[in-house]
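Q: Next come a sequence and a model predicted from it.
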Amino acid sequence: PVYASQDQYSNAHDMQRGEIALATRSGLSSLFGHLNSLETDDSMVELFCSKLFTLESVRKSACRLSQLISADDNYVADLLQQIVLLHTDGARLLAKSGITSELLSFAHSYATEEKKYLSSHMGVSGAASLKSPPVLNGHLSLLNVLLSSPLQASDRTALSIDTMKIFKEYSCAGERLLQSYPADTELTMKFLETLYLTYSSLKKAAGSVLVDNSPAHVDEPLMKLERSVLSVTYHLSAFPFPNDLLPPLPIGLINVEKIHASEMKTVVTSLTVVNTWWDNVPDSGAPLPTPPTGSSDAGVLHRYNTYNSRAGSTFSEGKYQHAVKSAKCLDVALMVLLSRVAFVAKRNTGTFSVDAVAIAKGLCRCSDASRAIEDRLASMKSHPEEDITTLLSSSIVNPNSQGDQRLLSQSLQLEKEYLVEVGSCLGQCAEKLISLALQDARRMSEYENDQEWAYFIGAMTPALDHTQVESKGVGCLFDDTNTEASKLNAQALRQELEKMKANFLRL
């Protein structure tokens, strides 16, 4: 095995063997990567591989390498990924070689050791700083590649069920990972992507006896993990940008939240102190204009004047990068929630639904920002650059020299690129939030619960009124077909709200 730390080797001889193994794997990975990058007929690469690696040799190698997974080998997962990507039968060979059993074995060992640590005196104050295992990123990447590969339906179903069992073992680690966002954004994204691919594969095999008996339907650790996905979804959608830059929410939505909080007799809440994930984001990179987050700040002159007058509120390239990452993470989290609806319906847990106020907040934030960014991009397109230079003559840069003007031009181009990326992500998130609310509305219509209905209606009605998605769609989708789809979903959601109101009046 090749370990992540030298301390894991029992002696110098084993450490030397590990170094040799790592160098050998690096050479193989480079070769595989080169073959994958060749812009030539796939049959030529396949012919070369068939001469270099016979099917039997790959099968034996895959089995031997798979066994290193449970031995905490830190690098073997990368090599196995290369085999899947390069060899036409790579995914099938790994699926048949018992790779998921090895991954599950390691996950179980880690979960057992984690539980022992947390129950000891060392874990009393160390739970918050407990890190994910170093191999987790590689294991998730390997599962991603396998789940995305062409497999027979039976193999894919078996792989998905095994992956769900692996997630069960990592449920506590996953909860910590999601709750600590943005401590490890890349690993969080990989975790959510793999969870989405797993649910999607299981959904395709719905009705199978194996799927019906899988942990997806009944397992409490996985349900807790889903609640963590819900929580990070609520938080990222409510704060796509720093709190002080966000426009006010609809008063009707704020009142629903206040009324709901006032009805809690024993739980003390505070709506005034707001801590967000942005509090843990350092300011880095070149200064850039503050992004538009609502209809009132989309104009060029208004935004740059605001940028000038805010003390210490400069936005930066680093913050834009974090905004893009959070929007992409939110998008995948919503895909997870949408893909798992079919399983929630079979769990006999009628009270486990999305929080209507949280979803309504996220819809307002993402819709407002995406539409404001769309307006800003249109403004940048319609104004010649020299006019914007004149507008900004007293702003971030003072374009007295040709070099300063070139710097300003580069800043504007950089801003545009970030706005396109974050705006399109937030537009897609707004669309998915509507779909999530619509699915939950249809689920709730199957049983009578006047309190839940009233809460849902009270939250979603002002959100739809505010965003006007039914008539305008969401912003930055850059495709008339997608915009029309968002309108239709919003209209369908409105119809469900009207049905609820009618049924509510009859109760």
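A: Here it is on my side, so go on.

Q: which stretches of this protein form strands?
A: Counting by DSSP state E, the chain has these strands, from start to end: 287-288, 315-316.

Q: residue contacts, the closest residue in space to residue 238 that isn't next to it in sequence?
A: Nearest in space to residue 238, with sequence neighbours left out and distances taken as C-beta to C-beta, 6 or more residues apart in numbering, is residue 361 at 4.8 Å. All C-beta atoms are positioned from the backbone trio N, CA, C, and that covers glycine. Contact analysis of residue 361 by C-beta atoms under 8 Å, 6 or more residues apart in numbering lists 234, 237, 238, 249, 253, 463.

Q: In CSV: those residues, plus distance to residue 201.
A: Converted to CSV, those look like this (distance: C-beta to C-beta, whole Å):
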residue, distance to residue 201
234, 26
237, 26
238, 30
249, 37
253, 36
463, 32
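
Q: mind listing the helices in the stretch 301-450 of the chain by residue range?
A: Residue ranges of the helices in the stretch 301-450 of the chain, as given by DSSP state H, counting those that start in this stretch, are 317-339, 341-344, 356-382, 385-391, 402-444, 450-467.

Q: follow-up on the earlier one: ok, the contacts of residue 361 vs residue 477, which is closest?
A: residue 237 (16.9 Å; C-beta to C-beta).

Q: burial of the residue lying closest to the closest one once chain neighbours are set aside, as a residue count?
A: Closest residue to residue 237 apart from its sequence neighbours, by C-beta to C-beta, 6+ apart: residue 362 at 2.7 Å. Residue 362: 30 surrounding residues under other C-beta atoms under 10 Å.

Q: Residue 362 and residue 78: what is the separation?
A: 36 Å (C-beta to C-beta, to the nearest Å).

Q: thinking again about what came up before, so for residue 223, which of the helices of the stretch 301-450 of the chain sits nearest?
A: When those are compared (using C-beta to C-beta), the closest one is helix 341-344, at 8.9 Å.

Q: what about that closest one, average pLDDT?
A: Helix 341-344 shows a mean pLDDT of 70.

Q: now stretch 119-137
A: On average, stretch 119-137 scores 75.

Q: and what of stretch 320-332?
A: 96.

Q: could you dump it to PDB, C-alpha only?
A: The C-alpha coordinates for stretch 320-332 follow below in PDB (Å, rounded to 0.1, in the frame of the first residue of the first chain):
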ATOM      1  CA  TYR A 320     -16.500  35.900  -6.900                       C
ATOM      2  CA  GLN A 321     -14.800  32.500  -7.000                       C
ATOM      3  CA  HIS A 322     -16.500  31.500  -3.800                       C
ATOM      4  CA  ALA A 323     -19.900  32.800  -5.100                       C
ATOM      5  CA  VAL A 324     -19.500  30.600  -8.200                       C
ATOM      6  CA  LYS A 325     -18.500  27.600  -6.100                       C
ATOM      7  CA  SER A 326     -21.400  28.000  -3.700                       C
ATOM      8  CA  ALA A 327     -23.900  28.400  -6.600                       C
ATOM      9  CA  LYS A 328     -22.600  25.200  -8.200                       C
ATOM     10  CA  CYS A 329     -22.700  23.400  -4.900                       C
ATOM     11  CA  LEU A 330     -26.300  24.600  -4.300                       C
ATOM     12  CA  ASP A 331     -27.200  23.400  -7.800                       C
ATOM     13  CA  VAL A 332     -26.000  19.800  -7.100                       C
END
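
Q: Contacts for it, please.
A: 181-182, 185, 188-189, 192-193, 196, 232-233, 236-237, 240-241, 277-278, 281, 285, 288, 291, 415, 418, 421-422, 425-426, 428-429, 432.

Q: From these, list just the buried residues.
A: For the contacts of stretch 320-332, a neighbour count by 16 or more other C-beta atoms under 10 Å gives the buried set as 181, 185, 188-189, 192-193, 196, 232-233, 236-237, 240-241, 277-278, 281, 288, 291, 415, 418, 421-422, 425-426, 428-429, 432.

Q: mind checking which helix or strand of this structure has the lowest mean pLDDT?
A: helix 300-309 (a mean of 44; mean pLDDT, DSSP states H and E).
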